[in-house]
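# what follows is a predicted structure for the sequence shown.
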Amino acid sequence: DAGITQSPRHKVTETGTPVTLRCHQTENHRYMYWYRQDPGHGLRLIHYSYGVKDTDKGEVSDGYSVSRSKTEDFLLTLESATSSQTSVYFCAISEWDRVYEQYFGPGTRLTVT
Amino acid sequence: LAKTTQPISMDSYEGQEVNITCSHNNIATNDYITWYQQFPSQGPRFIIQGYKTKVTNEVASLFIPADRKSSTLSLPRVSLSDTAVYYCLVGTPSNFGNEKLTFGTGTRLTIIP
């Protein structure tokens, strides 16, 4: 399995608090992605990064920000968590020329109360 | 990205061959077809990718007719452990700007003992 870890794996937080999820890879892949998965919606892309300090928005980026200060780490921040952001969050990585061959992390289950 | 259509769910018995078809009528010349598998509580896993005719690996086969407007993922002699959601994606893997994969809701395959 690709070397991808996510932390924390589970988190419960209150509405209005900031939350940061971390994705760490040991594969030195250029691309990293954050998705959320909700029942009935499948996987939806939040943000992705195509290099250090290079990021772009996905389909559902409102309420989220990301940062990538080094190749191996990609952070997802919920500035002020809302109940609608309760979800399972997956990080993924890929090579720059094989963006359809992505490798996913184990996921983080976030509950906003 | 080409729009894809696949069945919402399928049932099959253990030991049978399962074929999941994906329709992609507006596939572009440079597009590839990629399939992912997702088990409950896990991130999706890349299964197979192809451009035309037939591709086979240790997990599955992918059949693509000459017009490429559809594709079929074939799982030989399924077991209970093949129960999962299967996603079909179509796009050009190495084009910058095509990083925004659309997973959709996939096909939920249930294997019956």
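Received the coordinates, thanks.
# pLDDT weak spots in the chain?
No chain specified, so I'll use chain A. Under the criterion pLDDT under 70, the flagged ranges of chain A are A:1-2.
# can you look at chain B instead?
Going by pLDDT under 70, which is the cut-off in play, chain B has low-confidence ranges at B:1-2, B:93-100.
# so for it, the centremost residue is which one?
Centrality entry for chain B: nearest residue to the mean C-alpha point is residue B:35, 3.3 Å, by CA atoms, centre = their mean.
# the host helix or strand of that one pairs with which strands?
Under the assignment given by DSSP states H and E, the secondary-structure element containing residue B:35 is strand B:32-38. In the sheet, strand B:32-38 lines up against strand B:45-50 (antiparallel), strand B:84-91 (antiparallel) (DSSP bridges).
# what's the burial count for the residue in chain B positioned nearest to chain A?
In chain B, the residue that lies nearest chain A is residue B:43 (2.8 Å; CB to the nearest CB). Just so you know, the C-beta spots here come from the backbone N, C-alpha and C atoms, and that holds for glycine as well. When neighbours are defined as other CB atoms under 10 Å in any protein chain shown, residue B:43 has 22 of them.
# not counting sequence-adjacent ones, nearest residue to the residue of chain A found nearest chain B?
In chain A, the residue found nearest to chain B is residue A:104; the distance is 2.8 Å by CB to the nearest CB. Using CB to CB, 6 or more residues apart in numbering or on different chains and skipping the chain neighbours, the partner closest in space to residue A:104 is residue B:43 (2.8 Å).
# from residue B:25, how far out is that neighbour?
Remark: distance between residue B:43 and residue B:25 (CB to CB, to the nearest Å) = 29 Å.
# now swap in residue A:105 and tell me
Here the criterion is CB to CB. By it, residue A:105 lies 33 Å from residue B:25.
# for residue B:75, same thing?
24 Å.
# ok, the two, which is more surrounded?
Between residue B:75 and residue B:25, residue B:75 has the larger neighbour count (other CB under 10 Å), namely 22 against 12.
# still on that earlier bit, just the strands paired with strand B:32-38: most buried one?
Highest mean neighbour count of those: strand B:84-91, a mean of 24 (counted as mean count of other CB atoms under 10 Å in any protein chain shown).
# hang on, the earlier thing: go ahead and confirm the residue nearest to residue A:104 touches residue A:106.
Yes: in this structure, residue B:43 sits in contact with residue A:106. The criterion is CB atoms under 8 Å, and the distance is 6.5 Å.
# before we move on, the earlier item: now do the same contact list for the residue of chain A closest to chain B.
Under the criterion of CB atoms under 8 Å, 6 or more residues apart in numbering or on different chains, the neighbours of residue A:104 are A:4, A:90, A:91, A:92, B:42, B:43, B:44, B:45.
# quick check: beta-bridge partners of the residue nearest to the spatial centre of chain A?
Residue closest to the mean C-alpha point of chain A, counted by CA atoms, centre = their mean, is residue A:34 at 2.8 Å. When bridges are called by DSSP bridges, residue A:34 pairs up with residue A:47, residue A:91.
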